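Sequence plus the predicted model coming up.
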Amino acid sequence: MISHFCDWLGATRISVLFQSLKWFVPLVQTVHILNIGVVMTSIGMLDFKLLGISGRAQSLAAMVSYFMPWIWTALAILLITGTLLSITEPPRELMNYAFRAKMMMVLAMAAMLRIVQLRVRRDPDYWTQSPPRLAAARALGAGSLLLAVAIVAAGRWIAYI
């Protein structure tokens, strides 16, 4: 089923056009990679704050309000550039288990970020009000950091699987 979709998509005019433009894939990949850097750096800063490793001079609420617009904007750009890359080489992306795993992890990461953002928006001190919430913040930070590394690794594996 997916292979038929890949065959169809790869034969569309837009896919053929993107494939024929020698500059297209390198340009889109460059934009994609730069935005991965924005997302991962921003997530790392939030994760280190959740873990209590850094950012002691700034509240979590202040960091969330600063970094989340960067994260959501970069994720939107990643969605666009990733879609363009998938249109250009459908089987390479859509038939690849590393790609599928990466997409599932990205969704999990987005859900975790949204949970942190919504809790802080409702109550800026939510994650520090009690030991269980502080432990949950630490767990979210550690899980998010591990997930971020796994997403990058899965993204690299797409080229080799």
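Here it is on my side, so go on. Numbers count the residues shown, from 1 in each chain.

rest of the way, CA atoms for contacts and neighbours
Fine.

At which residues are the helices of the chain located?
2-10, 13-20, 24-51, 60-88, 90-94, 97-122, 131-157 (DSSP state H).

can you put these in CSV and add mean pLDDT and mean neighbour count?
Output for the helices of the chain, formatted as CSV (pLDDT from 0 to 100; neighbours: other Cα atoms under 10 Å):
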stretch, mean pLDDT, mean neighbour count
helix 2-10, 93, 14
helix 13-20, 96, 15
helix 24-51, 97, 18
helix 60-88, 96, 17
helix 90-94, 92, 20
helix 97-122, 96, 16
helix 131-157, 95, 17
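
For burial, what's the neighbour tally of Gln58?
10 (other Cα atoms under 10 Å).

quick one: it from Val64, how far?
The gap separating Gln58 from Val64 is 10 Å, by Cα to Cα, to the nearest Å.

Repeat that for Ala159.
Between Ala159 and Val64 the computed distance is 33 Å (Cα to Cα).

Also Val39?
13 Å.

Closest to the centroid, which residue in this protein?
Note on the chain: the residue nearest the mean C-alpha position is Val106, at 4.8 Å, using Cα atoms, centre = their mean.

Was I right to think it contacts Ile151?
Yes. Counting by Cα atoms under 8 Å, Val106 touches Ile151, with 6.9 Å between them.

who touches the nearest residue to Gly55 once chain neighbours are set aside in this structure?
In space, and not counting its chain neighbours, Gly55 is closest to Lys49: 5.5 Å by Cα to Cα, 6 or more residues apart in numbering. Counting by Cα atoms under 8 Å, 6 or more residues apart in numbering, Lys49 makes contact with 55-56, 60, 141.

Closest one of the residues you listed to Arg100?
Nearest to Arg100, judged by Cα to Cα, of those is Gly141 at 23.5 Å.

can you tell me which residues contact Val106?
When contacts are counted by Cα under 8 Å, 6+ apart, Val106 touches Ile151.

Contacts only, for Phe67.
Here Phe67 is in contact with 42-43, 46 (Cα under 8 Å, 6+ apart).

now do Arg56
By Cα under 8 Å, 6+ apart, the neighbours of Arg56 are Lys49.

repeat for Ala57
No contacts exist for Ala57 under Cα under 8 Å, 6+ apart.

how close does it sit to Met63?
For Ala57, the distance to Met63 (Cα to Cα) stands at 10 Å.
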